[in-house]
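**Student:** have a look at this prediction, sequence included:
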Amino acid sequence: MPKFTDVNSIKSEPHKPSSETNKPKEKSTGSNGHGRRGRGGYPGAERIPVEHPDLKPKQKCPECHTGRLYEAEPAVDYSWQGDAPINLTIYLLQRLQCPECKTSFTAPSPGKGLASTVDDSQDQMKTGTVDANASANAMVAGLRFEYGVPHYRLAKIQERRGMALPASNQDRMIKQVAYSAAPIYECLAAIAADGELLQSDDTKMKILDHLKSGQDPPIKKTQTTVIISHVQGRAITLHVTGQSQAGANVSKILESRSENLPDPIHMCDGLSANNLTEDAIVANCLDHARRKFYDIRSSYTEETNYILGELQKVYLIDCETKDLTADERLAKHRKLSKPTLDSLEIWMKNQFENRRVEPNSPLGNAIKYSLKRWTELTRFLEIPGVPLSNTETERAIKWAICHRKNSLFYKTQNGAKNGDII
């Protein structure tokens, strides 16, 4: 067995400055991801001041008996404790009972406890008092949807720590969080409707209620749509899970858009599922068009190298515009990127006109995809603030993908709604 030192047996020794103390520290050559943190790197840690057991400020130094001690920057000792994610405290409330009238008198609880739950008897949230154990509810919801911990896994951890938390209880706690946050979600959706730029993307998400009995895949495809709305310099991210695809979900949000605002810009890929029923200026993701050429580079090396090289010039120019205003960025792209893209468009058209490329070949299909959507792909040359690609949404959708890989599916549409809110 490993030997542990008794901390009570360690005596306090005076600190003596060494000759190396005053030497200038050499700059660390390690990488930024070394993992070490200073005392300020733990904002959630409890800080407990510990006074010296024998000495006080302004006392004479016990070492030299001349100087007087003063309060310096405290030393730091880190103490980590392992525990269950959710802790339980049980209050044993004293209860006094009269033997004559049988009246009971119970001591008030120092904890808030459970007030009442949301009425979900019909799988719908109704007005009620929210569970007062808010921090525990929020932790369960965060573990479920942010960190991808399924109910059964958390239940095992809690059970082994002697504080069982069944999956049914976890589901109730998540509903409490969703009930509390639902008004915020609706308010954010209303604000998102007035965004200048809306970006959207889909990823598949199974909901068991939409499956036929014993049949997989679903009758109607279900997916999670991630929508990012840019409103006055701020970004609002919304998740919508169900049978509707990105175009329908964005259109539903735009139904509440203020009438006096100009048409928004909708950034998406070129699929028909992204078509809107509301008025908007469509911009397509240049990354999707580029990826079609990148995937076939081994079969069409000469052609794809040329196309990817021309597109690389545009991306490098865009990297130089990050510190510019939207109008300055537009002017720079028009000056530097537009000639490159105009030349690339002519080259693509010539491949078909001169019969150098078979239209139904992989290269021909990739070229047709780009030419069909050329106006939408180059929208950043017309309107200030239009991004080249939909990368921001594709990053945000990774949370939904992580949840799908850990939990596989939602059982009900209402459960999917809870996940969207949280």
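**Tutor:** Sure, I can see it.
**Student:** going by C-alpha atoms from here, please, whenever you check contacts or count neighbours.
**Tutor:** OK.
**Student:** R68 touches L55, doesn't it?
**Tutor:** No: if you go by CA atoms under 8 Å, R68 and L55 don't touch, sitting 10.8 Å apart.
**Student:** apart from its neighbours in sequence, what residue is nearest L96?
**Tutor:** F105 (5.0 Å; CA to CA, 6 or more residues apart in numbering).
**Student:** next structured bit after the helix or strand hosting the one you found?
**Tutor:** Element membership of F105, judged by DSSP states H and E, is strand 104-106. Later in the chain than strand 104-106, the nearest helix or strand by DSSP H and E is helix 134-145.
**Student:** which secondary structure elements does that following helix contact?
**Tutor:** Helix 134-145 sits against helix 167-192, helix 398-407, with contacts defined as 3 or more CA pairs under 8 Å, 6 or more residues apart in numbering; DSSP states H and E.
**Student:** buried residues of the shortest one, list them for me.
**Tutor:** To tie it back to what came earlier, the one meant is helix 398-407. In terms of neighbour count (16 or more other CA atoms under 10 Å), helix 398-407 has its buried residues at 400-401, 403-404.
**Student:** reformat those as JSON lines; add distance to A182 and pLDDT.
**Tutor:** Listed next are the buried residues of helix 398-407 as JSON lines, based on distance: CA to CA, whole Å; pLDDT from 0 to 100:
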{"residue": "A400", "distance to A182": "19", "pLDDT": "86"}
{"residue": "I401", "distance to A182": "22", "pLDDT": "87"}
{"residue": "H403", "distance to A182": "20", "pLDDT": "83"}
{"residue": "R404", "distance to A182": "22", "pLDDT": "85"}
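**Student:** make TSV out of those residues and add distance to G44.
**Tutor:** Listed next are those as TSV, based on distance: CA to CA, whole Å:
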residue	distance to G44
A400	27
I401	28
H403	26
R404	29
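**Student:** hmm, what's the outermost residue in this protein?
**Tutor:** E100 (61.3 Å; CA atoms, centre = their mean).
**Student:** pLDDT score for that one?
**Tutor:** Per-residue confidence (pLDDT) for E100: 85.
**Student:** quick one, what contacts it?
**Tutor:** By CA atoms under 8 Å, 6 or more residues apart in numbering, no residues touch E100.
**Student:** domain ranges for this protein?
**Tutor:** The chain breaks down into these domains under automatic domain parsing: 134-186, 286-389.
**Student:** and these, which one's lowest on average pLDDT?
**Tutor:** For those, where the average pLDDT is lowest is domain 134-186, sitting at a mean of 88.
**Student:** would you agree R95 is in contact with P108?
**Tutor:** No: using CA under 8 Å as the test, R95 is too far from P108 to be in contact (9.7 Å).
**Student:** re earlier: elements contacting the strand holding F105?
**Tutor:** Packed next to strand 104-106, using 3+ CA pairs under 8 Å, 6+ apart, are strand 95-97.
**Student:** how far off centre is the strand it packs on?
**Tutor:** Put simply, strand 95-97 sits 51 Å off its chain's centre (CA atoms, centre = their mean, to the nearest Å).
**Student:** ditto for stretch 66-75
**Tutor:** With CA atoms, centre = their mean as the basis, stretch 66-75 stands 46 Å off its chain's centre.
**Student:** convert the C-alpha atoms of that stretch to PDB, please.
**Tutor:** Extracted C-alpha coordinates of stretch 66-75, given in PDB (Å, rounded to 0.1, in the frame of the first residue of the first chain):
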ATOM      1  CA  THR A  66      14.000  42.600  14.800                       C
ATOM      2  CA  GLY A  67      11.400  43.100  12.100                       C
ATOM      3  CA  ARG A  68       7.700  43.000  12.500                       C
ATOM      4  CA  LEU A  69       5.500  40.600  10.500                       C
ATOM      5  CA  TYR A  70       3.000  42.000   7.900                       C
ATOM      6  CA  GLU A  71       0.300  40.400   5.800                       C
ATOM      7  CA  ALA A  72       1.700  39.100   2.600                       C
ATOM      8  CA  GLU A  73       0.000  37.300  -0.300                       C
ATOM      9  CA  PRO A  74      -1.300  34.000   1.100                       C
ATOM     10  CA  ALA A  75       0.200  30.700   0.100                       C
END
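**Student:** output the helices and strands packed on helix 134-145 in a markdown table; the columns should cover distance to I86.
**Tutor:** A markdown table is the format used below for the helices and strands packed on helix 134-145 (distance: least, CA to CA, whole Å):
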| stretch | distance to I86 |
| --- | --- |
| helix 167-192 | 11 |
| helix 398-407 | 20 |
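**Student:** and those, which is most packed in?
**Tutor:** Highest mean neighbour count of the helices and strands packed on helix 134-145: helix 167-192, a mean of 18 (counted as mean count of other CA atoms under 10 Å).
**Student:** okay, the angle between the helix or strand following it and helix 398-407?
**Tutor:** Later in the chain than helix 167-192, the nearest helix or strand by DSSP H and E is strand 197-204. Put simply, strand 197-204 runs at 20 degrees to helix 398-407, going by axes from the mean of the first three to the mean of the last three CA atoms, to 10 degrees.
**Student:** quick check: mean pLDDT of strand 197-204?
**Tutor:** pLDDT averaged over strand 197-204 gives 91.
**Student:** who are the packing partners of it?
**Tutor:** So strand 197-204, by 3+ CA pairs under 8 Å, 6+ apart, packs with strand 223-231, helix 246-254, strand 265-268, helix 391-396.
**Student:** who wins for proximity to D420 among the ones you listed?
**Tutor:** strand 223-231 (8.5 Å; CA to CA).
**Student:** flag every buried residue along the helix or strand following the closest one.
**Tutor:** Beyond strand 223-231 on the C-terminal side, the first helix or strand identified by DSSP H and E is strand 234-242. Across strand 234-242, burial judged by 16+ other CA under 10 Å covers 237-242.
**Student:** what does stretch 261-273 give?
**Tutor:** Buried residues in stretch 261-273 (16+ other CA under 10 Å): 263-270.
**Student:** next: stretch 296-303.
**Tutor:** Those buried within stretch 296-303 under the rule 16+ other CA under 10 Å are 297, 303.
**Student:** got the end-to-end distance for it?
**Tutor:** 10 Å (CA to CA, to the nearest Å).
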